[in-house]
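Novice: Below: sequence and its predicted model.
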Amino acid sequence: MKTLLKNCNLFTATDNTKCDIFISDGKISKIGLNLTPSGETIVYDLEGFEVYPSGIDVHTHLGLVLAGQRSPDDFRDGTISALRGGTTTVIDYIVPQKNESLLKAFDKWRAEAEYSSVDYAGHMSLVGLPDLYFSEFPKLKDLGIGTLKCFGGYKGWNMQNDEQMLKILEIAKRYSYLVLLHSENGFVISYLEQRLRRQNKTRPEHHHLAHPSWAEGESTHRAIKLAQFIDTPLYIVHISCAESAYEVAKARMKGLPIIGESCPHYLLLSEDVHSAGGLESAKYLVTPPLRPKCHQEELWKHIINGDIQIIGTDNASYSPLQKSQGLDDFSKVPSGLPAVGLRIPLLYTYGVKRNKISRQKFVEITSTNPAKIFGLQNRKGNIAVGLDADILVIDPNVEYTLTDENDPHNVGYSAFKGFNIECGVKYLFHRGRLVVQSGEYCGRSGDGEFLKLSGLDNIRLD
């Protein structure tokens, strides 16, 4: 079946054009004016709508087990949430158990991902640096894993110290991996958590007090210096604060290949949510934590300047019941928020509609940069002849308020409850197939395809 999209108001990361788009065999086969259907063709008249490359969310934790709780937004349900929010590709994190083989963890993750309704790739999280990892790094690369995630936080679980970070950066350079970093200072966090416990401040609303923004900035600064010494790129995930964004900007001004990522919750939510305490605070427990509102404008500035190049979600969603297990001890609250299905609507509403970013910048941070930085630009992240027909059609005239009931995630609450949304997903095409119409999923479950990442071999850092 062929598809013809007529009267497109097309936005890419660089252009805005009026055109028609012809789709055949899951690919974009022709772009032009006054195209006519040939043979058996479905025609959509998109007059009055806006057409974009669909979203690529490079930071998800689908089905993640934390604090003994498994996320209900797994590859089956979470990827449908992603589609309803305009995203057709995710890069999900593989998290091994302590001292588990990376190859075994990969196999288990691939088995779970067979239920994915979006195309998917994987990042490999490192839990410490056990000896068994070293023989597996070359094999892992051959399987299509091109990234290694390290942790400055989580002392006693998966944190790497500076010596281990240097070893990982050397390995990454040797085998062309891109290193990703959760940038916090685990020693500072551990010290502050112990102090909070002595003060009997262990409820969810106290969690953020052990994660100061200055320590995130310090960790970012130190990691950049280590990457500079080894002479290899570094990607800082989920930047939450001005201090960390400043370190990335400073490094990029020097010409260093440092990449910054942030998330919608750091742009739109603040630590004020913890004033309610208890379960309401637990719902918003994320790591790094939400910051004071003053950080939000700084992060937007760094997006505009190009220092933060990607907006992912860090989607790790848990129900209120799962979150409630740690009401007396924040270490028992599974960390994370549901967001994979709201990234596009939130950024369009509070970025584009509020004139903070252009539509071109919107495409850049949600689709084009993710494709370029992770080596998917030959298939994804743009609307051009020969690429996958992953196409998002936005209705800019839809308006509604988010509630616990209409949130697209499978967790029973909305982290953005009360936020107005000023757009809708009119149509979403995934490799040429219509999978969402007027916000409702109409695709085929389990239709996702595994995408191999090539690490540093095929990425563009410009």
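Specialist: Okay, I see it.

Novice: Output the below-cut-off pLDDT ranges for the chain.
Specialist: The chain contains residues with pLDDT under 70 at 460-462.

Novice: Can you give the contact residues for the longest helix along it?
Specialist: If you go by DSSP state H, the chain has its longest helix at helix 213-230. If you take C-beta atoms under 8 Å, 6 or more residues apart in numbering as the criterion, helix 213-230 is touched by 152-153, 162, 165-166, 169-170, 173, 179, 181, 183-185, 188-189, 233-234, 236, 239-244, 246-248, 251, 256, 258, 288, 291, 295. (Glycine included, C-beta is placed from N, CA and C.)

Novice: And for stretch 325-334?
Specialist: With C-beta under 8 Å, 6+ apart as the test, stretch 325-334 has contacts from 66-69, 71, 193, 202-204, 206-207, 278-279, 282, 285, 316, 318, 322-323.

Novice: Narrow the contacts of helix 213-230 to just the buried residues.
Specialist: For the contacts of helix 213-230, a neighbour count by 16 or more other C-beta atoms under 10 Å gives the buried set as 152-153, 165, 169, 173, 179, 181, 183-185, 188-189, 233-234, 236, 239-244, 246-248, 251, 256, 258, 288, 291, 295.

Novice: and the end-to-end length of stretch 382-396?
Specialist: End-to-end distance of stretch 382-396 (C-alpha to C-alpha, to the nearest Å): 20 Å.

Novice: Which of the buried ones among the contacts of helix 213-230 fall within helices?
Specialist: Using DSSP H, 165, 169, 173, 188-189, 242-244, 246-248, 251, 295 are the members of the buried ones among the contacts of helix 213-230 that sit in helices.

Novice: Just put those in JSON lines and tack on distance to A13.
Specialist: Compiled in JSON lines, these are given as follows (distance: C-beta to C-beta, whole Å):
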{"residue": "M165", "distance to A13": "32"}
{"residue": "L169", "distance to A13": "30"}
{"residue": "K173", "distance to A13": "29"}
{"residue": "V188", "distance to A13": "38"}
{"residue": "I189", "distance to A13": "37"}
{"residue": "A242", "distance to A13": "26"}
{"residue": "E243", "distance to A13": "28"}
{"residue": "S244", "distance to A13": "25"}
{"residue": "Y246", "distance to A13": "25"}
{"residue": "E247", "distance to A13": "25"}
{"residue": "V248", "distance to A13": "20"}
{"residue": "A251", "distance to A13": "23"}
{"residue": "H295", "distance to A13": "26"}
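
Novice: measure G153 to L10 for me?
Specialist: 42 Å (C-beta to C-beta, to the nearest Å).

Novice: follow-up on the earlier one: alpha carbons of the longest helix of the chain, in CSV - could you do that?
Specialist: Output of helix 213-230 as CSV, limited to C-alpha atoms (Å, rounded to 0.1, in the frame of the first residue of the first chain):
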residue,chain,number,x,y,z
SER,A,213,23.1,21.0,42.2
TRP,A,214,26.7,22.1,42.9
ALA,A,215,27.7,18.5,43.2
GLU,A,216,26.1,17.6,39.9
GLY,A,217,28.1,20.5,38.4
GLU,A,218,31.3,19.4,40.0
SER,A,219,30.8,15.8,38.7
THR,A,220,30.2,17.1,35.2
HIS,A,221,33.4,19.3,35.4
ARG,A,222,35.5,16.4,36.6
ALA,A,223,34.2,13.9,34.0
ILE,A,224,34.8,16.4,31.2
LYS,A,225,38.4,16.7,32.3
LEU,A,226,38.8,12.9,32.3
ALA,A,227,37.3,12.7,28.8
GLN,A,228,39.6,15.5,27.6
PHE,A,229,42.6,13.7,29.0
ILE,A,230,41.7,10.4,27.2
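
Novice: Now do the contacts for L178.
Specialist: For L178, the contacting residues are G146, T147, L148, A172, P233, Y235, I373, F374, G455, L456, I459, by C-beta under 8 Å, 6+ apart.

Novice: Those into CSV, with extra columns for distance to N420?
Specialist: As requested, the contacts of L178 are arranged in CSV below (distance: C-beta to C-beta, whole Å):
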residue, distance to N420
G146, 38
T147, 35
L148, 39
A172, 42
P233, 38
Y235, 32
I373, 31
F374, 32
G455, 40
L456, 41
I459, 36
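
Novice: Redo these as JSON lines? Include distance to C263 and secondary structure.
Specialist: Below are the contacts of L178 laid out as JSON lines (distance: C-beta to C-beta, whole Å; DSSP: H, G, I helix; E, B strand; the rest coil):
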{"residue": "G146", "distance to C263": "22", "secondary structure": "coil"}
{"residue": "T147", "distance to C263": "17", "secondary structure": "strand"}
{"residue": "L148", "distance to C263": "20", "secondary structure": "strand"}
{"residue": "A172", "distance to C263": "24", "secondary structure": "helix"}
{"residue": "P233", "distance to C263": "21", "secondary structure": "coil"}
{"residue": "Y235", "distance to C263": "14", "secondary structure": "strand"}
{"residue": "I373", "distance to C263": "16", "secondary structure": "helix"}
{"residue": "F374", "distance to C263": "17", "secondary structure": "coil"}
{"residue": "G455", "distance to C263": "23", "secondary structure": "helix"}
{"residue": "L456", "distance to C263": "24", "secondary structure": "helix"}
{"residue": "I459", "distance to C263": "21", "secondary structure": "coil"}
